[in-house]
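> here is a sequence together with a model predicted from it:
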Amino acid sequence: MFSKILIANRGEIALRIIRSAKELGLKTVAVYSEPDRNALHTMLADEKVCIGPAKAAESYLSIPNILSAAEITKADAIHPGYGFLAENPRFAEICETSGITFIGPSAEVMSLMGDKSRARQEMKKAKLPITPGSDTIVADIDEAKRLGKKIKYPLILKAASGGGGKGMRIVRAPATLEEQFSIAQYESKAAFGDPSLYMEKYIEGARHIEIQVIRDAQGRSLAFGERECSIQRKHQKVIEETPSTFIDEKTRRRITKAVEDATSFIDYQSLGTFEFLVDEQKNFYFMEVNTRVQVEHTITEMTYGIDLIKEQIRLAAGEKLSLPQDLRMQGHSMECRINAEDAETFIPSPGKIEFLVLPGGQGIRVDTAAYEGWIIPPDYDSLVAKIVAVAPSRKEVINKMRTALEMTTIVGIKTNIPLHMSILANSDFKKGRYDIQFLESMLDKQISKRKI
Ligand code: MV4
C-alpha cells in the first residue's frame, strides 16, 4: 500500500478522497491555487502545496506544477478526482514514468477510451451493442452523405475527441447535413484541437443509464446496478438515482454481465463507468467509458454500503478487490447537485457563504467543501454540495430529499435548490416517467407559462 497520496483536485471531491485516504491510514497532500488558500481541502490534508494562481491552466491543470508538488512531498501516488487532469493520458503516462502511481487505469486504456470512435470500435469487438453508425471517423462530407443514406435520419455527429456531449450535432434531414457537418468539425477543432467526427443513428426518447465497474490487477471484474442520469440540462447532470424505474432485473443482469466482460476484454484495471443510451424498447447502446471516478458515484455507495474511492486506491496499489462478487443493492438512492447559480437563469453565483445549514439524519449524506465564511471563487465549476439520500423505496427517498432540501439554508449565494424542488414535485418525475429531454422541456413549459 502507498504511504502518501497527493490529491490533484479541489472542492468536495478532494475532501472525499482525503477522507478515504485517511481511513486507509495514508498521509495526504493537498495542492491548491491562490484563491483556494482557505479551502477545506487545503486545511484538512496533512500537507499542502500552492501550485499557482486562480486560472486552472496555471494550477490544477499544470502537469509540471503538480508533479513538482508530488516530488517535493515524496508522495507515491496521485489521485486526480474528476475533471481537470483526470482523463488526460499524457498526465497518467508522465506520472508512471516519474515513478508515481496514477490512481486510475493505464495511460494506454485511457487514451483508447478517450478516442470515442475507437472506443466504439473496441466495444463492438467486446460484443457490447452499439447504435448503427460509422465504424471509424467520417473523412469528409461526401462520406457523411453516403453514410447518412445508409444509417437513415435522424442522425448525430459526434467529436472523436469529445465526450460528455460537447461537439455533438443532431441532423434531422439530409438537407442540413452539409452545414451541420462543418459546424461540428469547427466546434470540435476549437474545443479539442481535433476536428474528427463520427456518426451514429440518433436515438429518440432515450434514457441515459450508466454502469459502475471495478476490476483488479488479478482480473476480477465487478459491475454494479445502474445509475439513471437522464435528468440533465446542457449535458450537466442535475439529479441522479439508482436503481432506474425503467430497468427490470433481467435487463440489469444482462447489462452488468456485458460490462464485466467488456472491462476484461480491454484489460481495464481500475474503477470506471460505462455510459449507455436505453431506447423505449429497452435496447441498450454503448456510448462511452468514463475512466475517472464520477460525481454521482455516491448513489452507488449508498445502495451497496461500500466505499468506491477506497477500493480504487487499493486497486491502484495492486491489491485485490475486497468486495464479494454477489453484492446486492438495497433500497433506492438519489443525488441532487446543489450548484451556486441562479435557479432560473443558470447564471453562476460565486461569492461568500454568509450562513449555512446543511441537512442530516438517517439516510442523508452531504458531500461538500463549503463552510460559513468560505468565498466560492468564480474560477471553477459551480458545484457546492451533493445532497444524497437513501431509503427503502423511491417514494420514500423523494420525500426524504424534499425534506432535506427544505431544511437546507444557504445564504450569500444563489443556488439551484428551487429547481430541485420543482423537479421533485413534478408528476411525471414522481412516476419515474422521464427521458433525456425531460428537464429541458419542463423548463420550456415553465417559461411559456410565465409569458402567458
Ligand atoms: C446519443 C444520443 C442519441 N443518439 N447518441 C450525450 C452524451 C454522450 N456521452 C452521448 N450523448 C448522446 N448520444 C445517439 N446515437 C443522445 C445523447 C444525449 C443527449 C443528446 C442531446 C441532448 C441531451 C442529451 C443528453 C444525454 C445524452
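In hand now; what should we look at?

> need the contact partners of the helix or strand hosting residue 149.
According to DSSP states H and E, residue 149 maps onto helix 141-151. Outside helix 141-151, the residues within contact range by C-beta atoms under 8 Å, 6 or more residues apart in numbering are 132-134, 138, 155, 157, 171, 174, 177-178, 181-182, 197, 199-201. Every C-beta, even on glycine, is put in place using the N, C-alpha and C of the backbone.

> with just CA atoms, put it into PDB.
Only the C-alpha atoms of helix 141-151 are listed here, as PDB (Å, rounded to 0.1, in the frame of the first residue of the first chain):
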ATOM      1  CA  ILE A 141     -18.900  15.500 -46.300                       C
ATOM      2  CA  ASP A 142     -19.200  13.000 -49.300                       C
ATOM      3  CA  GLU A 143     -18.600  10.100 -47.000                       C
ATOM      4  CA  ALA A 144     -21.100  11.700 -44.500                       C
ATOM      5  CA  LYS A 145     -23.700  11.900 -47.200                       C
ATOM      6  CA  ARG A 146     -23.200   8.300 -48.300                       C
ATOM      7  CA  LEU A 147     -23.300   7.000 -44.700                       C
ATOM      8  CA  GLY A 148     -26.400   9.200 -43.900                       C
ATOM      9  CA  LYS A 149     -28.300   7.400 -46.700                       C
ATOM     10  CA  LYS A 150     -27.300   4.000 -45.200                       C
ATOM     11  CA  ILE A 151     -27.900   4.800 -41.500                       C
END
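
> who touches residue 361 in this structure?
Residues in contact with residue 361 (C-beta under 8 Å, 6+ apart) are residue 404.

> neighbouring strands - and their directions - for the next helix or strand after the helix holding residue 149?
Once helix 141-151 ends, the next helix or strand along the chain (criterion: DSSP H and E) is strand 155-159. The pairing partners recorded for strand 155-159 under DSSP bridges are strand 169-171 (antiparallel), strand 197-201 (antiparallel).

> ok now the helix or strand that comes right after the last one, how far from the chain's centre?
If you walk from strand 197-201 toward the C-terminus, the next helix or strand you reach (DSSP H and E) is strand 207-215. Taking C-alpha atoms, centre = their mean, to the nearest Å, one finds strand 207-215 lying 10 Å from the centre of the chain it belongs to.

> which other helices and strands contact strand 207-215?
In terms of contacts (3 or more C-beta pairs under 8 Å, 6 or more residues apart in numbering; DSSP states H and E), strand 207-215 is packed against strand 221-223, strand 227-233, helix 249-265, strand 270-278, helix 308-316.

> between strand 227-233 and the lowest-mean-pLDDT helix or strand in the chain, find me the angle.
Here the helix or strand of the chain ranked lowest by mean pLDDT, DSSP states H and E is helix 438-451, holding a mean of 92. Here helix 438-451 runs at an angle of 30 degrees relative to strand 227-233 (axes from the mean of the first three to the mean of the last three C-alpha atoms, to 10 degrees).

> check the offset of helix 438-451 from the chain's centre.
Its chain's C-alpha centre and that of helix 438-451 lie 26 Å apart, by C-alpha atoms, centre = their mean.

> how near is residue 42 to the ligand?
Per C-beta to the nearest ligand atom, to the nearest Å, residue 42 is found 33 Å from the ligand.

> so which strand or helix has that residue?
Element membership for residue 42 (DSSP H and E) is helix 40-44.

> any buried residues in that helix, and which?
Residues of helix 40-44 classed as buried: 40-42, 44 (neighbour count, 16 or more other C-beta atoms under 10 Å).

> just those residues now: which is nearest the ligand?
Of all those, the ligand sits closest to residue 41, with 28.5 Å by C-beta to the nearest ligand atom.

> hang on, isn't the closest one packed against residue 14?
Yes - contact criterion C-beta atoms under 8 Å: residue 41 and residue 14 qualify, at 3.6 Å.

> and the pLDDT at the residue of the stretch 1-150 of the chain found nearest the ligand?
Taking C-beta to the nearest ligand atom as the measure, the stretch 1-150 of the chain has residue 131 as its residue closest to the ligand, at 4.3 Å. Note on residue 131: pLDDT of 98.

> burial count for the residue nearest to residue 20 when sequence neighbours are not counted?
Leaving aside its sequence neighbours, residue 20 sits nearest to residue 309 (C-beta to C-beta, 6 or more residues apart in numbering; 4.0 Å). Residue 309 has 24 neighbouring residues, counting by other C-beta atoms under 10 Å.

> which residues does residue 309 contact?
16-17, 19-20, 79, 293, 297.

> how about the residues of the stretch 351-452 of the chain by the ligand?
residue 436 (C-beta under 6 Å from any ligand atom).

> pick out the residue of the stretch 351-452 of the chain closest to the ligand.
The nearest approach of the stretch 351-452 of the chain to the ligand comes at residue 436, 3.8 Å away (C-beta to the nearest ligand atom).

> correct me, but residue 379 touches residue 34?
No - with contact defined as C-beta under 8 Å, residue 379 does not count as touching residue 34 (9.8 Å).

> tell me how far residue 361 lies from residue 389.
Residue 361 sits 10 Å away from residue 389, going by C-beta to C-beta, to the nearest Å.

> need the residues touching each of those two.
Both residue 361 and residue 389 are in contact with residue 404, where contact means C-beta under 8 Å, 6+ apart.

> which residue comes closest to residue 446 once chain neighbours are left out?
Residue 446 sits nearest to residue 422 (C-beta to C-beta, 6+ apart), 7.5 Å away.

> how long is stretch 52-64 end to end?
Between the opening and closing residues of stretch 52-64 lies a distance of 11 Å (C-alpha to C-alpha, to the nearest Å).

> equivalent analysis for stretch 2-22, please.
End-to-end distance of stretch 2-22: 12 Å, with C-alpha to C-alpha as the criterion.

> I'd like to know which elements the one helix or strand residue 64 maps to is packed against.
Element membership of residue 64 [criterion: DSSP H and E] is helix 63-73. Judged by 3+ C-beta pairs under 8 Å, 6+ apart, the packing partners of helix 63-73 are strand 4-7, strand 27-33, strand 47-52, helix 89-97.

> mind running it again at 10 Å?
If you count contacts as 3 or more C-beta pairs under 10 Å, 6 or more residues apart in numbering; DSSP states H and E, helix 63-73 packs onto strand 4-7, strand 27-33, strand 47-52, strand 77-79, helix 89-97.
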